[in-house]
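In: what's the 3D shape of this:
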Amino acid sequence: MVGLRRRPAVLGGKALFKNQAMFYYVYILKSQKDNELYIGKTKNLKKRLEQHCQGQVKATKGRRPVKLVYYEAYKNKRKWSEQELFYKSGIGRETLKHKI
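Out: Now for the predicted structure:
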């Protein structure tokens, strides 16, 4: 797990870092309608949250409003996928209860 992505320093209108690391996010939403959790993953957290809030995601459309209660950022795609699957397991959901 890594911290939040920082903006690259800009010099003459160009980023100093050409190979900016891409982050992968595992996120947890809580439905304010039924208090249930939704676990998902995305490469663009801000855009994905907007999609959930606008009812564009089938799994959460009927459970709105939803609130982001937790997220983790990863640089490693394999760890990102493994963590999402873990959180969707029984022991993973128990672990989440202690984090949120």
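In: give me the element Q56 is part of.
Out: Per DSSP states H and E, Q56 falls between elements, in no helix or strand.
In: what number of residues lie near it?
Out: Neighbours of Q56 under the rule other CB atoms under 10 Å: 11. Bear in mind the C-beta positions are built from the backbone N, C-alpha and C, glycine included.
In: and it, how far from L96?
Out: 24 Å (CB to CB, to the nearest Å).
In: again with Y27
Out: Here the criterion is CB to CB. By it, Y27 lies 11 Å from L96.
In: all helices of the protein, in order?
Out: All helices of the chain, identified by DSSP state H, fall at 45-53, 58-61, 77-87, 90-99.
In: what mean pLDDT does the third one have?
Out: In other words, helix 77-87. When the per-residue pLDDT values of helix 77-87 are averaged, the result is 97.
In: other SSEs contacting that helix?
Out: Taking 3 or more CB pairs under 8 Å, 6 or more residues apart in numbering; DSSP states H and E as contact, the helices and strands that helix 77-87 lies on are strand 24-31, strand 37-42, strand 66-74, helix 90-99.
In: give me the angle between that helix and strand 37-42.
Out: When axes from the mean of the first three to the mean of the last three CA atoms, to 10 degrees is applied, the directions of helix 77-87 and strand 37-42 differ by 170 degrees.
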